[in-house]
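**Student:** what's the 3D shape of this:
(3 chains)
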Amino acid sequence: MDSNYFTDVYEVVKLVPKGRWASYGAIAHYLGAKGGARMVGWAMNSAHCDDSVPAHRVLNRNGELTGQHHFKPPGKMQKLLEKEGLKIVNDRVTNASESFWDPSAELM
DNA sequence: GACATGACGATTT
DNA sequence: GAAATCGCCATGT
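**Tutor:** Modelled structure (predicted):
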């Protein structure tokens, strides 16, 4: 529980608006760039057990569904994103720059 | 305690 | 412009 870092990541991910997506680096930067994007991904890895954390809204900086294989079943991530209004093509979000959500910019 | 790995990012070649 | 490499730090072995 000392790793409050994960909790921070969960909070930010939960704050991601529906139909938008945030990048690991953006969240990491919002948290103070602690450890960088990798730690965010690692936090999600621990969060995968928590359905309250819409990890499917967290993609890499390219808007690619990098963690699909970690979902159950694989592809659920893409389905959820498409259901929220995002267009996924080739495991990648189209109009990514338009649906991109930056916590440090939107939440300030 | 050290080595290897990981849902990434940025920089350099 | 694309590919390759290093860096970030925490977790697992």
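
**Student:** all contacts plus neighbour counts: C-alpha atoms, from now on.
**Tutor:** Noted.

**Student:** got the buried residues for whichever strand or helix holds residue A:11?
**Tutor:** Using DSSP states H and E, residue A:11 falls within helix A:4-14. Within helix A:4-14, the residues that count as buried by 16 or more other CA atoms under 10 Å are A:5, A:6, A:8, A:9, A:10, A:12, A:13.

**Student:** residue A:78: neighbour count?
**Tutor:** Applying other CA atoms under 10 Å, we find 24 residues neighbouring residue A:78.

**Student:** and the closest residue in space to it that isn't next to it in sequence, how many neighbours?
**Tutor:** Closest residue in space to residue A:78, ignoring its immediate chain neighbours: residue A:88 at 6.5 Å, by CA to CA, 6 or more residues apart in numbering. Using other CA under 10 Å, residue A:88 has 19 neighbouring residues.

**Student:** next, residue A:88: phi, psi?
**Tutor:** Dihedral angles phi and psi of residue A:88 (degrees, to the nearest 10) take the values phi -110, psi 120.

**Student:** circling back to that earlier point, what sits up against the helix holding residue A:11?
**Tutor:** Contacts with helix A:4-14, where a contact means CA atoms under 8 Å, 6 or more residues apart in numbering, come from A:22, A:27, A:31, A:40, A:43-44, A:46-47, A:52-55, A:57-58, A:103.

**Student:** same thing but at 6 Å, please
**Tutor:** A:43, A:53 (CA atoms under 6 Å, 6 or more residues apart in numbering).

**Student:** burial measure for residue A:32, as a count.
**Tutor:** Using other CA under 10 Å, residue A:32 has 11 other residues around it.
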